[in-house]
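Asks: Return a 3D structure for these sequence lines:
(one chain, ligands or ions: 1)
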Amino acid sequence: MEALDLETLVPAYALQLCRDVLHSEDHAMLRQAKEQHALDLDEAQLREGVQRAVLAELEHPWNQLFEDVSTDKAKKLSRSERDSKGIHSASYVYGEISFASFGLVFFNHLKDLKPGGVFYDLGSGSGRGVFAAAALHQFRKLVGIEALEGLYQASQVVLHKFVTESLHRRLIAHNTADPQCIPEISFFQSDFLEYDWSDGDLIFANSTW
Ligand SMILES: C[S@@+](CC[C@H](N)C(=O)[O-])C[C@H]1O[C@@H](n2cnc3c(N)ncnc32)[C@H](O)[C@@H]1O
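Replies: From the prediction side, this is the model:
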């Protein structure tokens, strides 16, 4: 496959256009993008190229959000709380998504989503899934549910950084006509087996049950 980067395809600021291409079932639009840029690609290759460009563009601000809550730190929080509370279930073993792999799975579901839906991460850890979903689609509401207090507190730290340090602009501006309009993001310390998440349009659960 021909190497594609965002600048080849569209100007670097045009993530909104990329999002339209990803959502689009409009074959004329895809054809036009190919012709305009003389790309010798079929539709699937074009979509894949745009997906990779979008992920590459958003990964850095997403990583910045978690500067104070590294994977290592989250693993230690989880381990010490499980040890002190005598929790031995494999369902609580900690691990995290990478932005790229989450994105590639997520893009498979884009065509089923309309702007304004509700996203849940069941077992949200430090919140990586919630903020990746916020970056990749215009959800109205995103909720993370995490049983362990230390991880729940860590996700609150990340949420505070998201709201106060303007990172939301870089992460979600392309998703909304009004960059000031931040989706409703919340985390709850709860057992997701006892939480009502039936209003969810997309439910995510990583390595837990
Ligand atoms: C593999 S981690 C995934 C973290 C995050 N979703 C991610 O992908 O980056 C699974 C998380 O689910 C939590 N968990 C497991 N069972 C749970 C339950 N019944 N209710 C809430 N959280 C749970 C664990 O504490 C752990 O933080």
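
Asks: Go ahead and confirm Arg79 touches Tyr94.
Replies: Yes: the pair Arg79 / Tyr94 is scored as a contact, 7.3 Å apart, by Cβ atoms under 8 Å. To be clear about C-beta, it is placed using only N, CA and C from the backbone, and glycine gets the same treatment.

Asks: State the distance from the residue nearest to Leu104 when sequence neighbours are not counted to Ser98.
Replies: Nearest residue to Leu104, sequence neighbours excluded (Cβ to Cβ, 6 or more residues apart in numbering): Gln51, at 7.0 Å. As judged by Cβ to Cβ, to the nearest Å, Gln51 and Ser98 stand 15 Å apart.

Asks: Compare those two (neighbour count), which wins?
Replies: The neighbour count for Gln51 versus Ser98, taken as other Cβ atoms under 10 Å, is higher for Gln51 (22 against 13).

Asks: That one touches Gly103, doesn't it?
Replies: Yes: assessed by Cβ under 8 Å, Gln51 is found in contact with Gly103 at 7.0 Å.

Asks: quick one: which of Arg79 and Tyr94 has more around it?
Replies: Just comparing Arg79 and Tyr94: by other Cβ under 10 Å the higher neighbour count belongs to Tyr94, 20 against 14.

Asks: Would you mind stating the distance between that one and Lys76?
Replies: 9 Å.

Asks: my guess is Ser207 is in a helix, correct?
Replies: No: applying DSSP: H, G, I helix; E, B strand; the rest coil, one finds Ser207 to be coil, outside a helix.

Asks: got the phi/psi numbers for it?
Replies: In terms of degrees, to the nearest 10, the main-chain angles of Ser207 are phi 50, psi 40.

Asks: How about it: what's its closest non-neighbour residue?
Replies: Spatial nearest neighbour of Ser207, excluding adjacent residues (Cβ to Cβ, 6+ apart): Gly95 at 5.6 Å.

Asks: tell me the SS of the one you found?
Replies: Classification of Gly95 by three-state DSSP places it in coil.

Asks: was I right about it contacting Thr208?
Replies: No: with contact defined as Cβ under 8 Å, Gly95 does not count as touching Thr208 (9.3 Å).
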